[in-house]
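> Sequence first, predicted coordinates after that:
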Amino acid sequence: MAKTHKKTRPAKKKASARRAPGSKKSAGTRKAKPKLTPRRDRFVAEVIKNGGNGTQAAIAAGYAESGAHQEAHRLLRNAEIQERIRRAKERAGITPEIVSGVLAQQLLGEISDVLDEEGNFDYKRAKERRATGQIQKLKIKKRDLFNAKGEPVGVETNYEVEMYSSQAAAKILVGTLGMLKQPAVNPEDVARVKAEIDRLVAEGWSEVDAREIVFEAEPRAAQWLQ
């Protein structure tokens, strides 16, 4: 009697949930990009806008003027803020030399750079003299002129020109170039602040947190430990 043989198929293997070595993580497991608060976003924008003056940027962003210097010093040490500023400068092709050059132009520029011999605004002349960077605001108003019969006889053009403040440019430039003379620091104050940071670290705080706690209690400490 002939024997019959049943042919069985091998069971299907279940797909492994494990990720193969070297393969990329799914989009859902990627680490989220750190977000800045709206105030810190504004701070970054102001730092780029004013040429790197952290104190003025902090004030413009809404921080208290009395502690703006210390707050700016703390914010500019934030890794995400540093990265945002770096990327913005790279996109714009901004270098320290370009920033200093623009500020120097605003400092040394004169209103005559954008006027013709009769004292009228002349954009073409300003462009030829590369003085357009001195202009902060420019409004152009045109009005049609008519004679007694109501016939058009021409167009009257008025210019309202506002130049950048040379004093403001000087203040920013001095800060950017590090020309401001910092007040003398008392060694006893420095020692006291360092001791307080060490004490907090010994209690279990991280050094970053310990420094922030001390800076909040004594805003000038950030300047002392520069």
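Arrived safely, thanks for sending.
> Tell me how far residue 112 lies from residue 129.
10 Å (C-beta to C-beta, to the nearest Å). For every residue, glycine as well, the C-beta is placed using N, CA and C.
> Who are the packing partners of whichever strand or helix holds residue 91?
For residue 91, the element it lies in under DSSP states H and E is helix 79-92. Under the contact criterion of 3 or more C-beta pairs under 8 Å, 6 or more residues apart in numbering; DSSP states H and E, helix 79-92 touches helix 38-49.
> Apply 10 Å and report the result again.
Helix 79-92 makes packing contacts with helix 38-49, helix 68-75, helix 96-108 when contacts are defined by 3 or more C-beta pairs under 10 Å, 6 or more residues apart in numbering; DSSP states H and E.
> what ranges do the strands span in the protein?
In the chain, the segments counted as strands under DSSP state E are 135-146, 152-163.
> Turn those into a markdown table, columns for mean pLDDT, distance to residue 122 and mean neighbour count.
Formatted as a markdown table, the strands of the chain follow (pLDDT from 0 to 100; distance: least, C-beta to C-beta, whole Å; neighbours: other C-beta atoms under 10 Å):
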| stretch | mean pLDDT | distance to residue 122 | mean neighbour count |
| --- | --- | --- | --- |
| strand 135-146 | 89 | 12 | 11 |
| strand 152-163 | 89 | 9 | 11 |
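> Mind putting these into CSV with distance to residue 43?
CSV is the format used below for the strands of the chain (distance: least, C-beta to C-beta, whole Å):
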stretch, distance to residue 43
strand 135-146, 22
strand 152-163, 25
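> Residue 189: which of the ones you listed is closest?
Taking C-beta to C-beta, strand 135-146 is the member of those nearest to residue 189, at 41.0 Å.
> so where's the chain shaky on pLDDT?
For the chain, the stretches with pLDDT under 70 are 1-34, 92, 94-95, 175-185, 223, 226.
> Point to the residue nearest the middle of it.
residue 44 (3.0 Å; C-alpha atoms, centre = their mean).
> dump the residue contacts of the nearest residue to residue 157 once chain neighbours are set aside.
What sits nearest to residue 157 in space, not counting adjacent residues and going by C-beta to C-beta, 6 or more residues apart in numbering, is residue 142, at 5.2 Å. Counting by C-beta atoms under 10 Å, 6 or more residues apart in numbering, residue 142 touches 155, 156, 157, 158.
> Pipe those into CSV and attach distance to residue 61 per row.
Shown next, in CSV, are the contacts of residue 142 (distance: C-beta to C-beta, whole Å):
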residue, distance to residue 61
155, 43
156, 42
157, 38
158, 36
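> Just flag the most distant two among these.
It's 155 and 158 that sit farthest apart of the contacts of residue 142, by C-beta to C-beta, at 10.6 Å.
> Which neighbours do those two have in common?
By C-beta under 10 Å, 6+ apart, the residues touching both residue 155 and residue 158 are 142, 143.
> related to what we said a few turns ago, does the residue nearest to the centre of the chain really touch residue 61, like I thought?
Yes: if you go by C-beta atoms under 10 Å, residue 44 and residue 61 touch, sitting 8.7 Å apart.
> Which neighbours do those two have in common?
In contact with both residue 44 and residue 61: residue 75, using C-beta under 10 Å, 6+ apart.
> Touching, residue 36 and residue 80? I think so.
Yes: between residue 36 and residue 80 a contact is recorded at 6.2 Å, counting by C-beta under 10 Å.
> Alright, calling it a day.
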